[in-house]
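Undergrad: Here is my input, please return the structure:
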Amino acid sequence: MNFTLHLTGDCNLRCRYCYETHTRARMREETAKKAVDLAFSYGHEKNGFSLFGGEPMLERALVESICRYACEKAAETKTQIRFKMTTNGTLLDERFLRFANAHQLEIALSHDGLLQDEQRVTRDGRPTRERLEPIVDLLLRYQPNSVALQTVMPSTVGRMAESVQWLYESGFSRVNTAIDYRKDAGWDDDSMAVLKTQYERIAELADARFDGTRPLLYLNFMSKIAAYLNDRPCLECKLGIRQPSVAPDGSIYPCNQFLNLPDYRMGDVGNGIDREKQTAIHRASLAPEPDCEGCAIADRCRHHCACLNFSLTGDMHTVAPVQCEHERILIPIADALGARLYARGSTRFLQNYRDDPLE
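TA: As a prediction, this is how the structure comes out:
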């Protein structure tokens, strides 16, 4: 069973593109332990917890308590356990990283590379890139496969490829870029044309480094290539089933974007998941998106992500135009990269896609 645990609604940064409404809501230790107990009660061989915020490291003691408790449960039940956490990194230190490695806690770092100081600032507007430099080195020493999660806005998209290269040169082999999809972000034809050029430059960077001792695995491309070669959707949504979200008060919702919406509440950690409500929400998410019928890349894009659609348009089956255009740009470039790697007989490429999808 996989749960996302929303430990806090607070954050110590004020990123320019953040869509969250920061609150003082925080999860109590008792609530967190009930969520762990509920996950294990289903009797699965593997259980996973994504520790989420706000900034989850503001609740460092709670993070450590959850990991210890769940690891004890896993040892008792002889099952596998896995934790993931995305953090802005400002509160990481060596003691915590030792703890993370000892408790199977994978850390992803939200870092915008060269764009960091333009986009990710403190509450009082101060830059953060220089502050994070020693923390990046420390994180990669303990978790060399940690992912850097970059976000770009229309005003910064022209430096996206340069920023990905900077992240790679800083030690990250795995980089993922998110587009600022907010309704008022300001994407237009010109900024989308720049985005296309930047993706093409990143494909050149990934191509040149793919067979080296330390490849650049640009996850935006890798997930699309894996979806094509393994004949499956880019990422199956499975709304309400794949990874339910637990709010700070213990209420359970189908996914992050539905948090605190009464119509989508499907249980709580004390009483479990309402299976009837869960099934109804999941079935509702499976209806086709009318605007996508007949599209040549319908099986390859994220139009089926009910959570993303809902957050952008207010409807699970209405796809935002900027999202559609983004996918139409990204997929052909990813395909061209995959074709080049295959044509030259890239050992890493062939090995990964023969044995296990590279994502």
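
Undergrad: who touches residue 151 in this structure?
TA: Residues in contact with residue 151 (Cβ atoms under 8 Å, 6 or more residues apart in numbering) are 15, 17, 110, 112, 119, 177, 178, 179, 180. Quick note: C-beta positions are derived from backbone N, CA and C, even for glycine.

Undergrad: I'd like to know which of those residues is nearest to residue 224.
TA: Closest approach to residue 224 among these (Cβ to Cβ): residue 177, at 12.7 Å.

Undergrad: Not counting residues beside it along the chain, what's closest to the closest one?
TA: Spatial nearest neighbour of residue 177, excluding adjacent residues (Cβ to Cβ, 6 or more residues apart in numbering): residue 150 at 4.8 Å.

Undergrad: Is the one you found in contact with residue 111, as I believe?
TA: Yes - here residue 150 reaches residue 111: they are 6.7 Å apart, a contact under Cβ atoms under 8 Å.

Undergrad: which residues does residue 267 form a beta bridge with?
TA: Assessed by DSSP bridges, residue 267 has beta-bridge partners residue 273.

Undergrad: Would you mind measuring from it to residue 1?
TA: 13 Å (Cβ to Cβ, to the nearest Å).

Undergrad: how many neighbours does residue 208 have?
TA: Close neighbours of residue 208, defined as other Cβ atoms under 10 Å, add up to 11.

Undergrad: Just the C-alpha atoms of the helix or strand where it lies, please, in CSV.
TA: Per DSSP states H and E: residue 208 is located in helix 189-209. The C-alpha trace of helix 189-209 is given here as CSV (Å, rounded to 0.1, in the frame of the first residue of the first chain):
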residue,chain,number,x,y,z
ASP,A,189,3.1,30.8,-28.6
ASP,A,190,6.5,32.5,-28.2
SER,A,191,7.3,31.0,-24.9
MET,A,192,6.2,27.5,-26.1
ALA,A,193,8.5,27.9,-29.1
VAL,A,194,11.4,28.6,-26.7
LEU,A,195,10.4,25.6,-24.6
LYS,A,196,10.7,23.4,-27.7
THR,A,197,14.2,24.7,-28.5
GLN,A,198,15.2,24.1,-24.9
TYR,A,199,14.0,20.5,-24.9
GLU,A,200,16.0,19.9,-28.2
ARG,A,201,19.1,21.3,-26.5
ILE,A,202,18.6,19.0,-23.5
ALA,A,203,18.1,16.0,-25.8
GLU,A,204,21.5,16.8,-27.3
LEU,A,205,23.0,17.0,-23.8
ALA,A,206,21.4,13.7,-22.8
ASP,A,207,22.5,12.0,-26.0
ALA,A,208,26.2,13.1,-25.6
ARG,A,209,26.3,11.8,-22.0
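
Undergrad: The following helix or strand past it - contacts with which helices or strands?
TA: As assigned by DSSP H and E, the chain's next helix or strand after helix 189-209 is strand 217-218. Under the contact definition 3 or more Cβ pairs under 8 Å, 6 or more residues apart in numbering; DSSP states H and E, strand 217-218 sits against strand 174-179, helix 189-209.

Undergrad: Of residue 150 and residue 111, which one has the most company?
TA: residue 111 (29 against 26).

Undergrad: how far away is that one from residue 243?
TA: From residue 111 over to residue 243 (counting by Cβ to Cβ), the distance is 23 Å.

Undergrad: and if you look at residue 227?
TA: 19 Å.

Undergrad: Between the two, tell me which one has more neighbours.
TA: Between residue 227 and residue 243, counted using other Cβ under 10 Å, residue 227 has the larger neighbour count: 21 against 18.

Undergrad: Validate this expectation: the more buried one resides in a helix.
TA: Yes - membership of residue 227 in a helix is supported by DSSP: H, G, I helix; E, B strand; the rest coil.

Undergrad: quick one: it and residue 300 touch, right?
TA: Yes - at 5.7 Å, residue 227 counts as touching residue 300 under the criterion of Cβ under 8 Å.

Undergrad: Quick check: which ranges of this structure have low pLDDT?
TA: 231-236, 353-359 (pLDDT under 70).

Undergrad: Swap in 50 and give it another go.
TA: Applying pLDDT under 50 to the chain flags the ranges 234, 355-359.

Undergrad: neighbouring contacts of the helix ranked longest in it?
TA: Counting by DSSP state H, the longest helix found in the chain is helix 321-343. Residues outside helix 321-343 that contact it (Cβ under 8 Å, 6+ apart): 179, 181, 185, 187, 192, 195-196, 199-200, 203, 206-207, 210, 220-221, 224-225, 228-229, 291, 297, 300-303, 308-309, 312, 349-350.

Undergrad: Please apply the same query to stretch 52-72.
TA: So stretch 52-72 is in contact with 4-13, 20, 22, 26-27, 29, 32-33, 36, 39-40, 47, 49, 51, 81, 83, 85-88, 90-92, 96, 99-100, 103-105, 245, 256, going by Cβ under 8 Å, 6+ apart.

Undergrad: same deal with stretch 291-302?
TA: Counting by Cβ under 8 Å, 6+ apart, 224, 227-228, 233-235, 303, 308, 318-319, 323-324, 327-328, 331 sit against stretch 291-302.
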